[in-house]
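> next one to model:
(one chain, ligands or ions: 2)
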Amino acid sequence: MIEVRPLHTALAAEISGVSLGHLSEADFARVHAAFLERLTIVFREQKITPAQQVAFTERFGPAQPHPLGARVHRQGFPQVLVLENKPGRAGARNDFWHSDISFAAKPPQASILYALRVTEGVGDTLFANMYAAYDRLPAGMKARLEGLSAFHSSEKLAERARQAAGSDARPIDSIPRPAQHPVIRRHPETGRPALYVNPYFTTRFAGMNREQSRPLIDDLTARATVAANVYRHRWRAGDVVMWDNRCVMHYAEYDYDDSRPRLMNRTTAG
Ligand code: OGA
Ligand code: MN
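Ligands and ions are numbered 1, 2, ... in the order given. The predicted structure is shown next:
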């Protein structure tokens, strides 16, 4: 029997009683509804192949390879990115608040991480509710942001790959033009306004330069990531965690070194 149990007041739920490799239409409808309501969904004790992860992802939208080839992928599955930390080959860092691939003209709706191997107690991932981040802004700030747009660039990913040569990050040869997105974005499925600014990819607001923009980006990030608005996921092997990039930012703790194995398969639904 499928059950949905909230994990934090702000967002996140654990769904039990399903096996993602064999999900009925009725159970998928429950998962989809919970995803829109709780924004981040945790499934424990899953056992799925790359093909099954792709099939589950495609129930939400097309499973997409990374647009810049920023990661190694599973052999035969360009849509399944491998995040791997192991002796002699460190995993690339993700310890910055971000929404995946917000530098694309059409950023993906959801990301799905499947933990094959973890070192318990390290490498937590944090998730922040960006609807609530908008809701908690003072009225004057909301008015200031309404109608404003911002530029999102992948330049930091290229920098990360250069700095972490020998890690699981792949080099990026050319940085595409930044994408421009509204700062207050209406979620296409729920219609609810969400704050869509992140300190990693967002470089500046339209009509402002980078120096003028940074304090506002940092202030919005600080407001969005207060503890009351953040769910911290403590990984166990077999976990599948999916989140809605349209209304969630995430951050991966980097409190480990290459002696603490961590292996994840990631898919992204466009
Ligand atoms: C990612 C990411 C978080 C993690 O793959 O986009 O941010 O905990 N990963 O590995
Ligand atoms: Mn990410």
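> quickly list what the residue in the stretch 101-250 of the chain that ligand 1 sits nearest to is bridged to.
Ligand 1 sits closest to Thr125 of the stretch 101-250 of the chain, with a gap of 3.7 Å, by Cβ to the nearest ligand atom. Just so you know, the C-beta spots here come from the backbone N, C-alpha and C atoms, and that holds for glycine as well. Taking DSSP bridges as the rule, Thr125 bridges to His233, Ala252.
> neighbours of it, just the number please.
21 (other Cβ atoms under 10 Å).
> that one is in contact with His233, isn't it?
Yes - here Thr125 reaches His233: they are 4.8 Å apart, a contact under Cβ atoms under 8 Å.
> what sits in contact with each of these two?
The contact sets of Thr125 and His233 overlap at Val241 (Cβ atoms under 8 Å, 6 or more residues apart in numbering).
> mind listing what whichever residue of the stretch 151-270 of the chain sits closest to ligand 1 touches?
Nearest to ligand 1, among the residues of the stretch 151-270 of the chain, is Ala252, at 3.3 Å (Cβ to the nearest ligand atom). Counting by Cβ under 8 Å, 6+ apart, Ala252 touches Arg93, Asn94, Asp95, Gly123, Asp124, Thr125, Leu126.
> return the member of those residues nearest to Phe201.
Of all these, Phe201 sits closest to Asn94, with 12.3 Å by Cβ to Cβ.
> quick check: closest non-adjacent residue to that closest one.
Computed as Cβ to Cβ, 6 or more residues apart in numbering, the closest residue to Asn94 that is not its neighbour in sequence is Ala252, at 3.8 Å.
> buried set for the worst-scoring helix or strand of the chain on mean pLDDT?
Sorting the helices and strands of the chain by mean pLDDT, DSSP states H and E puts helix 155-163 at the bottom, at a mean of 89. Buried positions in helix 155-163, judged by neighbour count with 16 or more other Cβ atoms under 10 Å: Lys156, Leu157, Ala158, Arg160, Ala161.
> what residues are up against the second one?
Contact partners of Leu157, counting by Cβ under 8 Å, 6+ apart, are Leu68, Ala70, Phe103, Ala169, Ile172.
> measure the first one to Arg117 for me?
In this case it means Leu68. Remark: distance between Leu68 and Arg117 (Cβ to Cβ, to the nearest Å) = 26 Å.
> who has more neighbours out of those two?
Taking other Cβ under 10 Å, Leu68 and Arg117 do not tie; Leu68 has more neighbours (20 against 14).
> I'd say the more buried one and Ser154 touch.
Yes - at 6.0 Å, Leu68 counts as touching Ser154 under the criterion of Cβ under 8 Å.
> find residues that contact each of those two.
Contacts common to Leu68 and Ser154, judged by Cβ under 8 Å, 6+ apart, are Ile172, Pro176.
> Leu148 reaches Pro182, doesn't it?
Yes - assessed by Cβ under 8 Å, Leu148 is found in contact with Pro182 at 7.4 Å.
> what parts of the protein come near ligand 1?
The chain comes close to ligand 1 at residues Leu83, Asn94, Asp100, Ser111, Thr125, His250, Ala252, Met264, Arg266, as judged by Cβ under 6 Å from any ligand atom.
> looking at those, which are in strands?
Counting by DSSP state E, the part of the residues of the chain next to ligand 1 found in strands is Leu83, Ser111, Thr125, His250, Ala252, Met264, Arg266.
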